[in-house]
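Engineer: need the 3D shape of this:
(4 chains)
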4 protein chains.
Amino acid sequence: MQLEKYKIDEFNHSQQAEHTRKFEFLAEGLPKVEEVLQKLVDFQIAIPSWALGTGGTRFGRFSGGGEPRSLEEKIEDVGLLHALNRSSGAISLHIPWDIPQDYKATKALAAQFGLKFDAVNSNTFQDQADQAKSYKFGSMQHVDRAVRQQAIDHNIEVIKHGVELGSDSLTVWLADGSSFPGQLNFRKAFQNTLECLQEVYAALPDNWKVYVEYKAFEPNFYSTTVGDWGQSLLYANKLGPKAYTLVDLGHHLPNANIEQIVSLLLMEGKLGGFHFNDSKYADDDLTAGSIKPYQLFLIFNELVEGMDARGMNHATDLGWMIDASHNLKDPLEDLLQSVQAIMIAYAQSLMVDRTALNEAQQQNDVARAQEILQDAFRTDVRPLVAEAQMRAGGAVNALQLYRQLKVRENLIQERGLKTVSSGL
Amino acid sequence: MQLEKYKIDEFNHSQQAEHTRKFEFLAEGLPKVEEVLQKLVDFQIAIPSWALGTGGTRFGRFSGGGEPRSLEEKIEDVGLLHALNRSSGAISLHIPWDIPQDYKATKALAAQFGLKFDAVNSNTFQDQADQAKSYKFGSMQHVDRAVRQQAIDHNIEVIKHGVELGSDSLTVWLADGSSFPGQLNFRKAFQNTLECLQEVYAALPDNWKVYVEYKAFEPNFYSTTVGDWGQSLLYANKLGPKAYTLVDLGHHLPNANIEQIVSLLLMEGKLGGFHFNDSKYADDDLTAGSIKPYQLFLIFNELVEGMDARGMNHATDLGWMIDASHNLKDPLEDLLQSVQAIMIAYAQSLMVDRTALNEAQQQNDVARAQEILQDAFRTDVRPLVAEAQMRAGGAVNALQLYRQLKVRENLIQERGLKTVSSGL
Amino acid sequence: MQLEKYKIDEFNHSQQAEHTRKFEFLAEGLPKVEEVLQKLVDFQIAIPSWALGTGGTRFGRFSGGGEPRSLEEKIEDVGLLHALNRSSGAISLHIPWDIPQDYKATKALAAQFGLKFDAVNSNTFQDQADQAKSYKFGSMQHVDRAVRQQAIDHNIEVIKHGVELGSDSLTVWLADGSSFPGQLNFRKAFQNTLECLQEVYAALPDNWKVYVEYKAFEPNFYSTTVGDWGQSLLYANKLGPKAYTLVDLGHHLPNANIEQIVSLLLMEGKLGGFHFNDSKYADDDLTAGSIKPYQLFLIFNELVEGMDARGMNHATDLGWMIDASHNLKDPLEDLLQSVQAIMIAYAQSLMVDRTALNEAQQQNDVARAQEILQDAFRTDVRPLVAEAQMRAGGAVNALQLYRQLKVRENLIQERGLKTVSSGL
Amino acid sequence: MQLEKYKIDEFNHSQQAEHTRKFEFLAEGLPKVEEVLQKLVDFQIAIPSWALGTGGTRFGRFSGGGEPRSLEEKIEDVGLLHALNRSSGAISLHIPWDIPQDYKATKALAAQFGLKFDAVNSNTFQDQADQAKSYKFGSMQHVDRAVRQQAIDHNIEVIKHGVELGSDSLTVWLADGSSFPGQLNFRKAFQNTLECLQEVYAALPDNWKVYVEYKAFEPNFYSTTVGDWGQSLLYANKLGPKAYTLVDLGHHLPNANIEQIVSLLLMEGKLGGFHFNDSKYADDDLTAGSIKPYQLFLIFNELVEGMDARGMNHATDLGWMIDASHNLKDPLEDLLQSVQAIMIAYAQSLMVDRTALNEAQQQNDVARAQEILQDAFRTDVRPLVAEAQMRAGGAVNALQLYRQLKVRENLIQERGLKTVSSGL
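Structural biologist: Alright, predicted model coming up:
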């Protein structure tokens, strides 16, 4: 389904008066409005190809309709999102779920929607039908060299696909670990994994990065071989300058202070990227900002502070991606909500009066420091985000327009009611 | 220190233009503004007498200055808070820390500041100097009948003080529990506790309520004899219609869904009151709304929905109290921030479009339900709260005025730099 | 595969000397050995039909070989386990995964292996191919009466199957809940669920029980409509005397004191049964006793104490079942390990010197109380369990014999390498 | 109170027959009994000086009697423990609670009891009466250079005390952190802390080590500046070869896999020492092994495996210390229980058949790997520990003899009923 630009214009026009009232109220007295708007325009969040279909749990999956049946339809879906919000201009592919048949055509299709190819993702946590060795007991940690080699080869193949598409980073999430005490020798598992990663690292093109993702638990329930930021940083440091840690918000033990982790990784020059989602209990993979929006803001607060301190470019120097599972909502609506929550948190973090905050910190004025942060958080920045997205060609309210245009109904008509997208 | 009304007026006058701009923007198009403002005016949060001094942890306490040295000075402090924000018109006493010497004079002093006496609190978790029996191994759960009797007598004495002051509820928080497997027979501990509570219940005046507070852990580290809402409800049901459950936000296991607990307790007609604070890890007793403001909003969302469903009066039918520990901030500033965060959450919950939410729920429209809640939460309701507080005679920004008037400096001059308030 | 009795005898004979040495050492000075042995002989743990195949996570499933392809083969597998350990003499069926085609034949087959039919389990957390309504947004909590009716009808049908097989209890686990704030009205969800359960309750035969299982989270990630023991107890009390709470060890928030819950439910006469497994993080469904064996012992310690206090029969008055997922181990080996860990914990709890413990508790002698419990736990009771299982006709070491007889290899030969058992 | 050797001998004599029966049963068929016994004899656990008095929580402290009133009496108490169990031959001092007045006399006293001086501990988490600057907002992280200097100076002074006493390591636990978002700049706090630690490091004698202890939370409730093992390792690596990470079992987020952390720190050559205790919820500081004995065993399993892999000496190459708080038990009884639980876990870990375990791991034989570990854990190794302690001159059951000799009653007679030991 193609979204004609005039429909967005018509919609924006119908909302113009109310938007202007709100935006002008907010902009009045706001310093550097134009600068902030530009940052918001530039900020793009990648959509993973597997997030376009309905997710599930181990207990079952309740399919939705009109899901993309091919890589092309996935690109179309992301294109649609990007047309609506102009903030999701990249797609992140997952191999082997999204192996392109014709690189040139695939790139051309993406370009047509203004989409880039973000980090490519390997998969060594499932067995594929034609696979020689099983990952039942891990991939890169495996005691059997042949399994490790298979995992290495797969990752190198993923890099090759990425190179063809113009991607410049590889995300490695390893489900490797153990579910029972005694199953693994932790040290050997670490060493095996490191050696495999070193071989993959050696295959990285010069301008590429590799992101080492960590996770506390699941699908293994006793230990995970890249289990926390400390372990990921150990790997990244041993690998070299092209290796970075990737933070997924749902991959921590209860109550972890993720914002502090972010700050320290930036300090070490080793933060590579982010997987956004939200969670209450575990790796729940819920819509970003739906459970703990203040935490999301606090993380962005550290990101902005830490990136600015290193002179980094907010939009390009870290990888930003959504990684969620859409069990109950229309995946496209869920993604629109996630992107919007991220944009809001980013905008709020740009509102923070850093000079005043620094001053309060220097004076140990704890109450004032809190006031400064909460003043930014309590400000309703939605008109600012909307203005930026409109200026970039998007809708003043992407979700509202999505519903008004009955996009899902159209997709069902095009693709059918019983569709199952590949991926989780 | 007395706060002259003209100082508040002067301050408000200086902020009037900006406030009006913000309030009018917000009020435009808001349905039932006057009704909401009235609810905000009526809503009062009690201040516990022990929260007026600097708190501490088991590792130490870093005292502040100008702390109240007597019950009278505690009442003055709450009076000061209430003069500033007009939202904290009650004080909650803790016996034996705050035994009044002269009821009449104490009541007159409180009345002078427009303060009511909220729930009175008993203390059987510490040994007092002149105490016959020790609570080392519990109070109402104790295997020794004499200890239990002492705890009963103490609670009845607390009720008597409360009656004299015009209070109408008793909060019983029992630290009783065990730190090691085997220490307690859980069933006997429950039965002993129930019997003691029954004797206390029998001593309640007709118009009184007793709140049974629960807590997951600390100061006992294996089991707590009133350990969760299920246990508290068991006690309350066995006690009778005057017994209710009291929810303290910090008294749960990690990741607990407190808003659901609130909803079910209201359904059962057994929610009695609230202790507000915030926490990241355990019973951290931080400023309300400083860590999880969205959770605070969600809880208020359930409170408003559930109370309305039962035709309850928001302001009077539940007990609202702050229960926090002020280790790092000026306690009065901390309380002003807590009250404000609570008022904001309450105001946001009044903004929720309940008809639309109900409709979305009926249609299983999950994305829309989320939009409706988040729309209320993302709205900057601070001008609404400020308007209500000004109408009631308070300052447009209580914390700002507190600082401008150098209240703490004045209190230090009056009371000295080295003061230690009684309580935790 | 049939296990001839002589093979067990041969095996036991080969181990006799060593076993006798150990058993006699342990039995020396042990009071009431024969009584304890009889209790161990009588104690039987039901095996759920879905635990006989390889489990998985939402990230994938790594199949094993020789899995049962039919209800008959499932019964054979449990029969095999029971022949080996004589402690797993019951099977728990799950409808619709295990609908019997011929009740009489099914019963005869089970009887042949000495197996009873334990609680029957309904399933309203997945959609079946031929199902009219979807459980995507819940079953008994659903806003649509037609969905609720479908869930009621299904449960009543499950009861009917159970009646035919000689079962006398129904386990209802509801995945119902919500993943996002706002999605549900908690109170209405509770009321809908209660009404449905009441209709199911009304269909229970006179001698039947219904177990209401609770779970903190998963597959829903914000709220669960039967979310903790307090909620389950509310339902059970409102339903009536045939309704009980069922405790699954993995269904709690982090750090929950499950043994206290058990004790209080027994006090209330409302503990119905148990689902055994173990976990480190969430509902990990690992082998019982593989992560927290001391917790398992402490739970049994409360069970024995509480059941004895009510004059209950350990073996028959509660429902005992394993509920685990076997992602990495041979399911039959995993089950043998689980049963053995449960038997050990039960035996240890029978070793506790209750008179001394009661005395220590009466004296607040915390150190001694701990010594008493740990003395029982630190005792190596395996020879006692082995003796009981041998006396009942089983092997002195079931797992060892299972491996020696190459049972899995035989099953693969019989049933094939690529088999997928129905269920999770 | 002095413990005459003949009393131990008399006691052992009275228990000899039963002990011999048990020990011989266990020793039969056990490989390398003598080697294991020697390791158990050599293994010594340091007792911290602050653990000899009754602990408390922020809610209160219930004092015990006969507590040591001076450093000398603390040494006597540890001497008593060591005389009883011969496994606690070291004391760990805490400055400023235990500043020696006369080094020579202090050393002579300790030598008389066969005690060494383990790591010395600094304290920058409390303000002392005569202190120029306050640690309210941290010590080494502090924004004020003068506070940081004070913390540096204090630590250097602690080293000097340690040098005089023959200690060779410094433990630095920093309570530094923040309780509210915005309070700290995490990066600057880290850098300030690192610089201070570098100055302390520079003052270390050549043969000294410094242990950087981490803690997830408490007394700060939002962030801790040395918050987890990853952060501690960052500091240790930046400091140099004399800096190590110290693990305290209670200082982690819920569900952390501590045994994996131990294994990886050993791999990196950066594990320095251990603080033993146990906990269910947070830093509960309960008796070692009283809540999760299997976890304690699993940790020792990794320690033994990892130390052996590096050719380290179990007894001397890591610092072993108890760090607990004794709120309810007689502190000396609590310490005897802790030491015994640690010795048991160590002995069990020495029982593990490492060749078989390695083989099972190589074959991904998860069930067998579990059997091997649990076989060691389920073995009743108490007779082995008792034999080692007797051979070293201790009692066959230290706690039993302690009670029989009425040690506490004697201490109360000597020192009085109302004594308060310094420290937590």
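Engineer: next, residue A:48: phi, psi?
Structural biologist: With angles defined as degrees, to the nearest 10, residue A:48 shows backbone torsions of phi -80, psi 140.
Engineer: find the nearest non-adjacent residue to it, please.
Structural biologist: Spatially, and ignoring its direct neighbours in sequence, residue A:48 is nearest to residue A:92 (4.5 Å; Cβ to Cβ, 6 or more residues apart in numbering or on different chains). (Glycine included, C-beta is placed from N, CA and C.)
Engineer: and the closest residue to chain B within the stretch 1-150 of chain A, what element?
Structural biologist: Ranking the residues of the stretch 1-150 of chain A by distance to chain B (Cβ to the nearest Cβ) places residue A:25 first, at 4.8 Å. Secondary structure assignment for residue A:25, by DSSP states H and E: helix A:5-27.
Engineer: got a list of contacts for stretch A:153-172?
Structural biologist: The set of residues that contact stretch A:153-172 without belonging to it, under Cβ atoms under 8 Å, 6 or more residues apart in numbering or on different chains, is A:92-93, A:95, A:99-100, A:103, A:106-107, A:110, A:116-124, A:197, A:199-200, A:203-205, A:207-213, A:246, A:272-273, A:319.
Engineer: mean confidence for the helix holding residue A:25?
Structural biologist: Per-residue pLDDT over helix A:5-27 has a mean of 97.
Engineer: and the strands in the stretch 301-424 of chain A?
Structural biologist: Remark: strands assigned in the stretch 301-424 of chain A by DSSP state E, counting those that start in this stretch are A:319-322.
Engineer: hmm, back to that, and the angle from the helix holding residue A:25 to helix B:5-27?
Structural biologist: 170 degrees (axes from the mean of the first three to the mean of the last three Cα atoms, to 10 degrees).
Engineer: packing partners for helix A:5-27?
Structural biologist: helix A:71-85, helix A:382-391, helix A:398-404, helix B:5-27 (3 or more Cβ pairs under 8 Å, 6 or more residues apart in numbering or on different chains; DSSP states H and E).
Engineer: can you rerun that using 6 Å?
Structural biologist: helix A:382-391 (3 or more Cβ pairs under 6 Å, 6 or more residues apart in numbering or on different chains; DSSP states H and E).
Engineer: residues in chain A within reach of chain B, list them.
Structural biologist: Contacts of chain A with chain B, taken as Cβ under 6 Å from any Cβ of the partner chain, map to A:25, A:254-255, A:280-281, A:290, A:293-294, A:328-329, A:333, A:366-367, A:370, A:378-380.
Engineer: so which of those sit within helices?
Structural biologist: Counting by DSSP state H, the residues of chain A next to chain B place A:25, A:293, A:294, A:333, A:366, A:367, A:370, A:378 in helices.
Engineer: need the residues of the stretch 301-424 of chain A near chain D, please.
Structural biologist: For the stretch 301-424 of chain A, the residues in contact with chain D under the definition Cβ under 6 Å from any Cβ are A:361, A:362, A:364, A:366, A:369, A:370, A:373.
Engineer: apply 10 Å and report the result again.
Structural biologist: Within the stretch 301-424 of chain A, the positions adjacent to chain D are A:301-302, A:305-306, A:309, A:352, A:357-358, A:360-374, A:376-377 by Cβ under 10 Å from any Cβ of the partner chain.
Engineer: which residue does the stretch 151-300 of chain A bring closest to chain D?
Structural biologist: Of all residues in the stretch 151-300 of chain A, residue A:230 sits closest to chain D, with a separation of 2.3 Å (Cβ to the nearest Cβ).
Engineer: what residues are up against the residue lying closest to the residue of the stretch 1-150 of chain A closest to chain B once chain neighbours are set aside?
Structural biologist: By the measure of Cβ to Cβ, 6+ apart, the closest residue to residue A:25 outside its immediate chain neighbours is residue B:25, 4.8 Å from it. Contacts here follow Cβ atoms under 10 Å, 6 or more residues apart in numbering or on different chains; on that basis residue B:25 touches A:21, A:22, A:24, A:25, A:26, A:28, B:380, B:383.
Engineer: between those, which sits nearest residue C:192?
Structural biologist: Nearest to residue C:192 among the contacts of residue B:25, counting by Cβ to Cβ, is residue B:380 at 36.5 Å.
Engineer: got a list of what the closest one touches?
Structural biologist: With contacts defined as Cβ under 10 Å, 6+ apart, residue B:380 is in contact with A:25-26, A:375, A:377-382, B:22, B:25-26, B:344, B:348.
Engineer: could you rerun that using 7 Å?
Structural biologist: Applying Cβ atoms under 7 Å, 6 or more residues apart in numbering or on different chains to residue B:380 gives the contacts A:378, A:379, A:380.
Engineer: equivalent analysis for residue A:343, please.
Structural biologist: Shown here is residue A:343, whose contacts under the criterion Cβ under 7 Å, 6+ apart are A:40, A:43, A:87, A:385.
Engineer: okay, those residues in CSV with pLDDT and neighbour count next?
Structural biologist: CSV is the format used below for the contacts of residue A:343 (pLDDT from 0 to 100; neighbours: other Cβ atoms under 10 Å in any protein chain shown):
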residue, pLDDT, neighbour count
A:40, 98, 26
A:43, 98, 21
A:87, 98, 26
A:385, 98, 23
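Engineer: farthest-separated two in those residues?
Structural biologist: Of all pairs drawn from those, the one with the largest separation by Cβ to Cβ is A:43 and A:385; the distance is 9.8 Å.
Engineer: who in the stretch 101-250 of chain A is up against chain C?
Structural biologist: Within the stretch 101-250 of chain A, the positions adjacent to chain C are A:125-127, A:134, A:136, A:175, A:179-180, A:217-219, A:221-222 by Cβ under 7 Å from any Cβ of the partner chain.
Engineer: can you say which helix or strand has the residue of the stretch 151-300 of chain A closest to chain D in it?
Structural biologist: Here residue A:230, judged by DSSP H and E, is contained in helix A:229-239.
Engineer: just the CA atoms of that helix, as CSV, please.
Structural biologist: Extracted in CSV, the C-alpha atoms of helix A:229-239 (Å, rounded to 0.1, in the frame of the first residue of the first chain):
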residue,chain,number,x,y,z
TRP,A,229,27.2,-5.0,30.3
GLY,A,230,30.3,-5.9,32.2
GLN,A,231,30.7,-9.1,30.2
SER,A,232,29.8,-7.4,26.9
LEU,A,233,32.4,-4.7,27.6
LEU,A,234,35.0,-7.4,28.3
TYR,A,235,34.4,-8.9,24.9
ALA,A,236,34.3,-5.5,23.2
ASN,A,237,37.6,-4.5,24.8
LYS,A,238,39.3,-7.7,23.9
LEU,A,239,38.0,-7.5,20.3
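Engineer: relative to helix D:229-239, how tilted is that helix?
Structural biologist: With the same axes, to 10 degrees as the criterion, the two stretches helix A:229-239 and helix D:229-239 enclose an angle of 40 degrees.
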